[in-house]
Structure formats: structure tokens, C-alpha cells
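Asker: Predicted structure and sequence below. I'll ask about it afterward.
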Amino acid sequence: MKKEIPLLITFIAGMVMILQFFIPHRPFSDLQQLFNTWFLIITVFAMILGLGNLFKVHTKRLQRRPKGWWYSIVLLAGFAIMFTVGMVWGPARGTPFDYLFWNVHIPMSSMMFALLAFFVASASYRAFRARTPEATLLLVSAILVMIGRVPLGNYIWNKLPLIGDWIMSYPNMAGQRAIMIGIALGIVSTSLRIILGIERTYLSGK
Amino acid sequence: MNIVERLEKLDRRIIFLLTLLAVIIPLLLPIGFKIKVSEPVQKFYEAVEALPPGSKVLVSSEYDPSTMPEVYPMNQALARHCFEKDLKIIGMGLWPQGIPLNQASMEQAAEEYGKEYGVDYVNLGYKAGGIVVISAAAENIPNTFPLDYAGRPIEEFEIMQGIRNFDNIDFIISLSAGDPGVRHWVMIAQGRYGKKVAGGVTAVSAPAFYPYLNAGQLQGLIGGMKGAAEYETILGTSGTASRGMDAQSIAHGLIIFFILFANFFYLLGKRRKR
């Protein structure tokens, strides 16, 4: 029964969601709304679980004091401060939560992402080599798209933006479509395997 | 170590310094490169332009501060465009950190155009659940978002009167930096409910949306800071994206120079070894 009940729940939930797509009428439309509501509630619990786990992992790190344990203090302090101000004053504009978001979180987050520019520049110099014909093709396409998609490209040669657009609209789109169709077929087959109980790894990990 | 080997193993601090200069100098001393509007952005603009005054536009923010330089200017320009056209904005988001950014964009534009919260725009806030939130909102918006982002009941707002589901929404725009985002709006709002959807995405993810654009599933697409700058150009405004284009142009040029320079010495070294 330990396995049969979860398999039955999965089968019913999966079949209802498939049926409501093709028959968007009662009772399937009502069931879809009900399942959506359940999903949204479960998602929130999953978030709470994630936060609890984060708290637990970093509290343990503080107890054990491995290398770099003080980063856990920063994390827990940040978590506690944002949680407290969010719960007390709410997230609306002009609240302490909003102030911290704009003056602490945004600058730090932007800075982390801005660092990528330096790593991209360094990697382009060190790693982007025309070692094989395929790599050369990729390299040439990347250069044409990169330069064609900034105003500078138009100043160098006014056909560069057109070449960049052509690469994006034809070879890129063909490749993207192939990937999307492949992914979609994979999702369909995996979903069917789970719904029909052929794929059971989510139950016991075996 | 000869000159070729030395250049191949150039100190990364020199690369970092050159990158820093390539970004900072154009920001301090703007060059003013002319921005040419691409077809996907033109389509986006025309789709918004085609809406009659009073239409309800759902703007969903699926980005966070890390992608702010690319997506936030789109959000700001879009809010201005909507208010200029007298369109009503219903904001929401599938990423929690996108909510204050969307709110700030709408507030800023509302101040410029004399619009009022609850009458001309509203922010329904964040709801966890990704694609299921879209699906749930498509069927029943008040049930999915009973409160706005600040915890006020949405039935209090004039803009929400008569809004039940996606049938009462005229246009949907997702500004996204990943998943859940534009792809999911296309899958549910466009694919299932036949709503008009347009998107604003980061430059790195834009290539993945060209198939949707080509198939007509997306009404328009703004890609990265360049797309945002193009949108600002059509609207006749100069925002942060337009100002950033000089720096991005020079930085792209520098990276291309690095690639060509490094490959020249790589091929030279390879020939010498033979």
C-alpha cells in the first residue's frame, strides 16, 4: 500500500490535468482549479521547508565552525533582519524592508552580476579558440552577432546588423526549434512514464 | 618564454583593467552612438500602440536586481508607454524580487503622467508556483490574487472592477530573466487561452524566443539592454539603456578584439610548433 497509494494519486492527478486540457468543461475545469489551488499551497510549504533547511544547515555550521563559518553569521543575520522587517512593516514602498531592498540587496546583487563582465572578457581571451572547424564556426557566428547587435557594428559596416539578425532569425531559430521539440518530446514521454507508474524513482529513489 | 607564449598567457589583471576602462570611459564621456530599431522591438511597440485607450495590460515581472540593467529600463519605458496611451496596468510577478522593481517603474511613470494607484495601475504582487499561477489566474484572478502587493484587498481598487479572468485582460507582457517567465506565459496565456503576449528578456536568453516570435505566438520581443535602448529610442526618451549602449558597444568591441587577438597568437604558435 505504501507504493500503490502514491501511484494512484499520481495517476489520478496526471490524468485529470491531461483531460482538462482537452475537455475544458465541468467537472474537469473545476478539478483543474482545485488542483491548482492545492499546488499553490504546497509550493508555499515547500518554500517554508527550504527556509527551514537553510536555517538548520547554517546553524549547524556555526556549531561546528568549519572554514569560513563566519559567512553563516552574515547569512543568518541577513535572513533574520529581512524576515523581521518584512513581517513587522510589510513589503510596501517606503517601509524599512523596501529601503533595505533598494539600498542593500540591489547594489550587492548588481555587483555580483557585474563581475561577470570581467570573467567573460578573461574567458574570451583565454578559452575561446578556433581549435576545430565547429569551434571556428561558433567563434565567427558569436563575433558577428556580438558586433552586429550593438550600435558600434553599424558604424563599422552597415551590413553587420543585418548579418547578425540573419544568424538569429535562421540558423539560431532552426537550432532552437530542434532543441524545443526534443525537450517537449522528452517531457511528454517522461510524464507518461510517471503517470502510468513505469517511472517510480520519485517514490523511493530506486 | 617567447612573445607569442607570453601574449597567450597574458595576465588576467590587464584584461580586467582594460574591461573596466572600456565600461567606465563611455559612461563618463558618452559617445552617442545612434541606435537602430530592430524588427522584434518595432513589433512590440506596434502591439502596445494598437491597444485602444483604457485597455488592461498585465505586466508580469520575472526578474531580479542581478538582471536589472537589462530588464528594468524595459519596465520603465513600458510603464511610460502605457500611461502615455492611457492604458491601465495590472502588475504582478512570478519572481518575488521583481515586484518592487515593477512597482517602482509604475510609480515613476505614474508621477510623470499624473496616474493614480488603484485607478490606473495596481500591483498584485508575487505568488509562488510559476506556471500554475498563470493557469490559476487565467481562470480566476481575484481568487489567485485576493490582495495586492501591500496586502490590501483588490476589490477595493477601481481598476480591478469587472476583472474576473484572462477574458478581461487585453494584452499580457512578461519581462523575464529566466524561468518561470515568457516561455510559460506563451504556453498558457497564448497557447491555451489565445491571449496576445509579448516579452522582454535578457540578451543571453533572447535567441530562445525567436521561434515564438516567428510563429506569431509572441507579438513582440525586447532583447537585453540593446532592445530596451531601441524601445526608448522609438518612444523618444533617453533612459538608462540608451545611456548604457555606448559602454556595451565598446565592451563588446573589446571582447571581440580579445578573441581575435588571442586566436591570432594561438594560430601563430600552432604554425611555429609545426
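Answerer: Great, that's in hand.
Asker: Now do the residue of chain A positioned farthest from its centre against A:Ile147, distance only.
Answerer: Largest separation from the mean C-alpha position in chain A: A:Trp157, at 37.4 Å (C-alpha atoms, centre = their mean). The gap separating A:Trp157 from A:Ile147 is 9 Å, by C-beta to C-beta, to the nearest Å. From N, CA and C alone the C-beta is placed, and that goes for glycine too.
Asker: can you pull the contacts of the nearest residue to B:Asn102 once chain neighbours are set aside?
Answerer: With C-beta to C-beta, 6 or more residues apart in numbering or on different chains as the criterion, B:Asn102 has its nearest non-adjacent residue at 3.8 Å, and that residue is B:Ser61. Residues counted as contacts of B:Ser61 (C-beta atoms under 8 Å, 6 or more residues apart in numbering or on different chains) are B:71, B:75, B:91-93, B:95, B:98-99, B:101-102, B:175.
Asker: count of neighbours near the closest residue in space to B:Glu155 that isn't next to it in sequence?
Answerer: Using C-beta to C-beta, 6+ apart and skipping residues adjacent in sequence, the residue nearest B:Glu155 is B:Pro142, 7.0 Å away. B:Pro142: 16 surrounding residues under other C-beta atoms under 10 Å in any protein chain shown.
Asker: same check, this time on B:Val71
Answerer: 29.
Asker: circling back: pull up the pairing partners for the helix or strand where the residue nearest to B:Asn102 lies, direction included.
Answerer: Assigning secondary structure by DSSP states H and E places B:Ser61 in strand B:56-62. In the sheet, strand B:56-62 lines up against strand B:88-93 (parallel), strand B:171-176 (parallel) (DSSP bridges).
Asker: Quick one: mean pLDDT over it.
Answerer: Mean per-residue pLDDT for strand B:56-62: 96.
Asker: how far is that strand from where the chain is centred?
Answerer: In this view, strand B:56-62 has its centroid 11 Å away from the chain centroid, taken as C-alpha atoms, centre = their mean, to the nearest Å.
Asker: Show the subsequent helix or strand relative to that strand.
Answerer: helix B:68-84.
Asker: relative to strand B:171-176, how tilted is that next one?
Answerer: Computed by axes from the mean of the first three to the mean of the last three C-alpha atoms, to 10 degrees, the angle separating helix B:68-84 from strand B:171-176 equals 160 degrees.
Asker: In CSV, list the C-alpha atoms belonging to helix B:68-84.
Answerer: Taking Å, rounded to 0.1, in the frame of the first residue of the first chain, the C-alpha atoms of helix B:68-84 are listed here in CSV:
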residue,chain,number,x,y,z
MET,B,68,18.1,44.9,-13.6
PRO,B,69,20.4,46.9,-16.0
GLU,B,70,18.8,44.9,-18.9
VAL,B,71,15.2,44.5,-17.9
TYR,B,72,14.4,47.4,-15.6
PRO,B,73,14.8,50.0,-18.4
MET,B,74,12.2,48.0,-20.4
ASN,B,75,9.9,48.0,-17.4
GLN,B,76,10.3,51.8,-17.0
ALA,B,77,9.8,52.5,-20.8
LEU,B,78,6.8,50.2,-20.9
ALA,B,79,5.1,51.9,-18.0
ARG,B,80,5.6,55.3,-19.7
HIS,B,81,4.3,53.9,-23.0
CYS,B,82,1.2,52.5,-21.4
PHE,B,83,0.4,55.7,-19.4
GLU,B,84,1.0,57.9,-22.4
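Asker: average pLDDT across it?
Answerer: Mean predicted confidence for helix B:68-84 is 95.
Asker: ditto for stretch A:149-163
Answerer: Rounded mean pLDDT across stretch A:149-163 is 87.
Asker: residues of that stretch that come out buried?
Answerer: Burial within stretch A:149-163, assessed by neighbour count using 16 or more other C-beta atoms under 10 Å in any protein chain shown, is assigned to A:149-154, A:160-161, A:163.
Asker: ok, so what distance separates the residue farthest from the centre of chain A from B:Val37?
Answerer: Taking C-beta to C-beta, one finds A:Trp157 at 19 Å from B:Val37.
Asker: Likewise for B:Ser174?
Answerer: 21 Å.
Asker: These two: which is more packed in?
Answerer: B:Ser174 (28 against 14).
Asker: residue contacts, that one?
Answerer: Contact partners of B:Ser174, counting by C-beta under 8 Å, 6+ apart, are B:60, B:62, B:181-182, B:185, B:197-200.
Asker: Of the residues you listed, which belong to strands?
Answerer: B:60, B:62, B:197-200 (DSSP state E).
Asker: Most neighbours among those, which one is it?
Answerer: Neighbour counts for these peak at B:Gly200, which has 33 neighbours (criterion: other C-beta under 10 Å).
Asker: In this model B:Met225 seems to touch that residue, though I could be wrong.
Answerer: No. With contact defined as C-beta atoms under 8 Å, B:Gly200 and B:Met225 do not form a contacting pair (10.9 Å).
Asker: Contact partners for the residue nearest to B:Phe33 when sequence neighbours are not counted?
Answerer: Excluding the flanking residues, the one nearest B:Phe33 by C-beta to C-beta, 6+ apart is A:Pro151, at 3.4 Å. Going by C-beta under 8 Å, 6+ apart, A:Pro151 touches B:33-36, B:245-246, B:249.
Asker: one more time with 10 Å, if that's ok
Answerer: A:Pro151 makes contact with A:161, B:31-36, B:226, B:229-230, B:242, B:245-246, B:248-249, B:252, according to C-beta atoms under 10 Å, 6 or more residues apart in numbering or on different chains.
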